[in-house]
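Engineer: next come a sequence and a model predicted from it.
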Amino acid sequence: IDAYDTGVYALADSSSATVNQTGDIVSHAGNGIYVYAPDGAASVTGSGSILSEKTGVYVDSTGNYTPATVDRSGDITSLSGSGIVALASRGIVSVTNSGAIIAAGDGIQAQNTSDRAVTVDQSGSITAGGYGIYAYSTNGSVSVLGTGDIQSGNTGVYALADGAATSVNQTGDIVSSGGYGIYASSPFSTVSVTGSGSIAAQQTALYAASYGTATVDRSGDINSQSGSGIIAVSSIGAVSVTNSGSIIAADDGISATNQSASPVTVDQSGSIIALDHGIYAYSTNGSVNVLGTGNILSGDTAVYALADGGNVSVNQTGEIVSFGGYGIYASTPWGGVSVTGSGRVASGDTAIMATTLGTGSATVDRSGEIYSQNGSGIVATATLGAVSVTNDGAIDVAKDGIYAVNGSANAVTVDQSGSILAGGYGIYATSPQGAVNVLGTGDITAQDTGVYAVADSAAVSVHQSGDITSIDGYGIYASAPASTTSVTGSGDITALE
C-alpha cells in the first residue's frame with residue numbers, strides 16, 4: 001500500500017475492529033495503520049514494513065474491558081509520530097512486535113486506565129526521539145520484555161503500574177541521551193528489573209521503586225552522566241540488587257534503601273567509579289548486607305551500609321579508593337556489624353569504620369593494605385557487645401592504626417599482622433569490664449603510644465613481635481587495675497616515655 005493519508009483506517013463504532021495486514025505500507029501524510037473501536041476490541045496483526053509520516057500503528061479500544069492488541073513482524077518507521085501506540089480504557093493492552101522501530105516520538109507506547117494488564121514484547125532494535133518503550137496502567141500490572149538495542153531521546157524503558165506489579169526484562173544495550181536507562185515503578189506493589197546488556201543514560205541508568213519488594217538482577221556495564229548507576233527503593237518491602245559488570249556514575253554507583261523491617265541486599269561484581277558513594281545501602285529496621293567484588297573508586301564513602309534496627313554485614317573484595325569519605329562505613333544502632341573481605345583500602349577519612357550501639361558485636365576480619373590520608377586505619381566500636389579486629393596487611397594512616405573499644409563486659413580483641421605507621425596510636429584497645437587481648441606482628445611506628453591496651457575490670461594481654469617506635473608516647477602501655485596484665489613478644493622498642 002502506498003497512500004497519501006493513512007495506509008489502513010479501520011473504525012467500528014459499536015463492535016470490534018480487526019486488521020490483518022501483510023505486505024509493506026507507505027503513508028506520506030498519515031498513520032500507517034489506524035484502528036479504533038469505541039465499544040469493542042481493537043486488534044492489528046500481520047507483517048511487512050511500515051513507513052509513515054505519523055504513528056506507524058495506532059490501536060485504541062475504549063469499550064468495557066475490551067482489549068487493544070498488536071502482534072506484528074516487520075520494521076516500522078515514523079517520521080513525526082510514534083512507532084506503535086496501543087490504548088485501552090478498561091481492557092488488556094498487549095503489544096508484540098518483531099523488527100526494528102525508528103520513530104520521532106516513542107518507539108512503543110502501551111497504556112490503559114483499568115485493572116487489566118499492559119504487556120509489551122519487542123524483539124528488534126528501537127531508535128526513538130522520545131521514550132524507547134512506554135508502558136503504563138492505573139491499576140493493572142505492567143510487563144515489558146525487550147530484546148535488542150534501544151536508543152532514545154528520553155527514557156529507554158519506562159514502566160509504571162500505579163496499583164499492581166511492574167516487571168521489566170530487557171536484553172540488549174540501552175542508550176538514553178536525555179532520560180533514564182530503565183525506569184520501573186509500582187507505588188502499591190512490587191518491581192522487578194532483570195536482563196542484560198550495557199546501559200548508558202543521561203540520568204540514573206536503572207531506577208526501580210516500589211511499595212513492596214524491589215528487585216534488580218542484571219548483567220552488563222552501566223554508565224550515568226548525571227545520576228546514579230542503580231537506584232532501588234522500597235517503602236515496606238525487601239530490596240535486592242544483583243549486578244555484574246562495571247558501573248560509572250556521576251552520583252552513587254548503587255543506592256539501595258527501604259523504610260521497613262525487610263532486608264536490603266546488594267551483590268555487585270565488577271568495578272565501580274562514582275563521584276558520590278560507591279555503594280549506599282540503608283534500612284530503617286531491616287538488615288543490610290553488601291557483597292562486592294571488584295574495585296571501587298568513589299568521591300564519597302566507597303561502601304556505606306547502615307541499618308537503624310538490624311544487623312549489618314559487608315564483604316568487599318577488591319581495592320577501594322575513596323577520595324573524600326570512608327573506605328567502608330558499616331553501622332547499626334541496635335544489631336551487630338561485620339566487615340570482611342580483602343584488597344587494599346585507601347581513603348580520605350577512616351579506611352574502615354564498624355560501629356554498633358546495641359547488644360551486637362563489632363567484627364572486622366580483612367586482608368590487604370590500608371591507607372588513610374586524614375583518619376584512622378580501622379575503627380571498631382560496640383556499646384554492649386564484643387569487638388574483634390583481624391587484619392592482614394600494612395597500615396599507613398594519619399591517626400590511629402587500629403582503634404578497638406567497647407563499653408561492656410565483653411572482650412576486645414585485636415590481631416594485626418603487618419606493619420603500622422600511624423600519626424596517633426599504633427593500636428588502641430580498651431574495655432571498661434571486658435578482657436583486652438592484642439596480638440601484633442610486624443613493626444609499629446606511631447606518633448603516640450605504639451600499643452595501648454587497658455581493661456578497667458578484667459585482664460589485659462599483649463603479644464607484640466617486631467620493632468616499635470613511639471615518637472611521643474609509650475612503646476607498649478598495658479594496664480588492668482582490677483586484674484592481671486601480660487606483655488610478651490620480641491623486637492626493639494624505642495619510645496619517648
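Structural biologist: Received the coordinates, thanks.
Engineer: which residues does T469 bridge with?
Structural biologist: T445, T494 (DSSP bridges).
Engineer: that one contacts A495, correct?
Structural biologist: Yes. Using C-beta atoms under 8 Å as the test, T469 is close enough to A495 to be in contact (7.5 Å). (Each C-beta comes from the backbone N, C-alpha and C, glycine too.)
Engineer: between these two, what contacts are shared?
Structural biologist: G450, G475 (C-beta atoms under 8 Å, 6 or more residues apart in numbering).
Engineer: distance between whichever strand or helix holds T215 and the chain's centre?
Structural biologist: In the assignment (DSSP states H and E), T215 maps to strand 214-219. Computed by C-alpha atoms, centre = their mean, to the nearest Å, the chain-centroid distance of strand 214-219 equals 9 Å.
Engineer: show the end-to-end separation of stretch 460-475, please.
Structural biologist: Taking C-alpha to C-alpha, to the nearest Å, stretch 460-475 runs 16 Å from one end to the other.
Engineer: mind listing what's buried along that stretch?
Structural biologist: 460-464, 466-470, 473-475 (16 or more other C-beta atoms under 10 Å).
Engineer: assign a three-state SS to V144, would you?
Structural biologist: Secondary structure, DSSP: H, G, I helix; E, B strand; the rest coil: V144 is strand.
Engineer: which strand residues bridge it?
Structural biologist: In beta-bridge terms (that is, DSSP bridges), V144 pairs with V120, V168.
Engineer: how about A458: what's its closest non-neighbour residue?
Structural biologist: A435 (4.3 Å; C-beta to C-beta, 6 or more residues apart in numbering).
Engineer: the one you found against S457, yeah?
Structural biologist: No. Look at A435 against S457 with C-beta under 8 Å: they stay out of range, at 9.4 Å.
Engineer: shared neighbours of those two, anything?
Structural biologist: Common neighbours of A435 and S457 (C-beta under 8 Å, 6+ apart) are S483.
Engineer: okay, those two: which has more neighbours?
Structural biologist: Just comparing A435 and S457: by other C-beta atoms under 10 Å the higher neighbour count belongs to A435, 20 against 14.
Engineer: who's in contact with the more buried one?
Structural biologist: Counted by C-beta under 8 Å, 6+ apart, A435 has contacts A411, V412, A455, A458, A459, V460, S461, S483.
Engineer: confidence score at the last one?
Structural biologist: You'll see S483 listed with a pLDDT of 98.
Engineer: repeat that for the third one.
Structural biologist: What the model reports for A455 is a pLDDT of 98.
Engineer: what's the separation between the residue nearest to it when sequence neighbours are not counted and D415?
Structural biologist: Once flanking residues are discounted, A455 sits nearest to V436: 4.3 Å by C-beta to C-beta, 6+ apart. Here the criterion is C-beta to C-beta, to the nearest Å. By it, V436 lies 13 Å from D415.
Engineer: in terms of packing, which of these two has more residues around it?
Structural biologist: Using other C-beta under 10 Å, the more surrounded residue of V436 and D415 is V436, with 30 against 17.
Engineer: the more buried one: what's it in contact with?
Structural biologist: 411-413, 429-430, 453-455, 458-461, 480.
Engineer: turn the residues you listed into a markdown table, columns for distance to Y180 and secondary structure.
Structural biologist: Supplementary listing: the contacts of V436 in a markdown table, determined by distance: C-beta to C-beta, whole Å; DSSP: H, G, I helix; E, B strand; the rest coil:
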| residue | distance to Y180 | secondary structure |
| --- | --- | --- |
| A411 | 49 | coil |
| V412 | 47 | strand |
| T413 | 47 | strand |
| A429 | 48 | strand |
| T430 | 49 | strand |
| A453 | 53 | strand |
| V454 | 54 | strand |
| A455 | 55 | strand |
| A458 | 56 | coil |
| A459 | 58 | coil |
| V460 | 56 | strand |
| S461 | 56 | strand |
| A480 | 59 | coil |
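Engineer: among those residues, the buried ones, what's the ChimeraX command?
Structural biologist: With 16+ other C-beta under 10 Å as the criterion, this ChimeraX line picks the buried residues out of the contacts of V436:
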select :411,412,413,429,430,453,454,455,458,459,460,461,480
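Engineer: mind giving me a markdown table with the contacts of V436 and columns for distance to S43?
Structural biologist: Shown next, in a markdown table, are these (distance: C-beta to C-beta, whole Å):
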| residue | distance to S43 |
| --- | --- |
| A411 | 73 |
| V412 | 72 |
| T413 | 71 |
| A429 | 75 |
| T430 | 76 |
| A453 | 79 |
| V454 | 81 |
| A455 | 80 |
| A458 | 80 |
| A459 | 82 |
| V460 | 82 |
| S461 | 81 |
| A480 | 84 |
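Engineer: spatially, which two of the contacts of V436 are the most separated?
Structural biologist: T413 and A480 (15.0 Å; C-beta to C-beta).
Engineer: next one: the residue nearest to A458 from Q464, what distance?
Structural biologist: 17 Å.
Engineer: look up the pLDDT of the residue nearest to A458 for me, please.
Structural biologist: 98.
Engineer: tell me who's in contact with V19.
Structural biologist: So V19 contacts V8, A10, I33, V35, S43, V44, T45, G46 (C-beta under 8 Å, 6+ apart).
Engineer: from the residues you listed, list the buried ones, please.
Structural biologist: Of the contacts of V19, these count as buried by 16+ other C-beta under 10 Å: V8, A10, I33, V35, S43, V44, G46.
Engineer: next, format those as JSON lines and append secondary structure and pLDDT.
Structural biologist: Listed next are the buried ones among the contacts of V19 as JSON lines, based on DSSP: H, G, I helix; E, B strand; the rest coil; pLDDT from 0 to 100:
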{"residue": "V8", "secondary structure": "strand", "pLDDT": "98"}
{"residue": "A10", "secondary structure": "strand", "pLDDT": "98"}
{"residue": "I33", "secondary structure": "strand", "pLDDT": "98"}
{"residue": "V35", "secondary structure": "strand", "pLDDT": "98"}
{"residue": "S43", "secondary structure": "strand", "pLDDT": "98"}
{"residue": "V44", "secondary structure": "strand", "pLDDT": "98"}
{"residue": "G46", "secondary structure": "strand", "pLDDT": "95"}
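Engineer: as a markdown table, these with distance to T155 would be great.
Structural biologist: Below are the buried ones among the contacts of V19 laid out as a markdown table (distance: C-beta to C-beta, whole Å):
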| residue | distance to T155 |
| --- | --- |
| V8 | 30 |
| A10 | 31 |
| I33 | 26 |
| V35 | 27 |
| S43 | 28 |
| V44 | 25 |
| G46 | 29 |
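Engineer: so which of the residues you listed comes closest to D443?
Structural biologist: In terms of C-beta to C-beta, no member of the buried ones among the contacts of V19 lies closer to D443 than V44, at 77.5 Å.
Engineer: partners of the closest one in the sheet?
Structural biologist: V19, V70.
Engineer: got it, and V266?
Structural biologist: V241, V290.
Engineer: how about the contacts made by it?
Structural biologist: Taking C-beta under 8 Å, 6+ apart as the definition, contacts of V266 comprise V241, I254, A256, I279, A281, N289, V290, L291, G292.
Engineer: at 10 Å instead, please
Structural biologist: 216, 230, 232, 239-243, 253-256, 279-281, 288-292, 303, 305, 314 (C-beta atoms under 10 Å, 6 or more residues apart in numbering).
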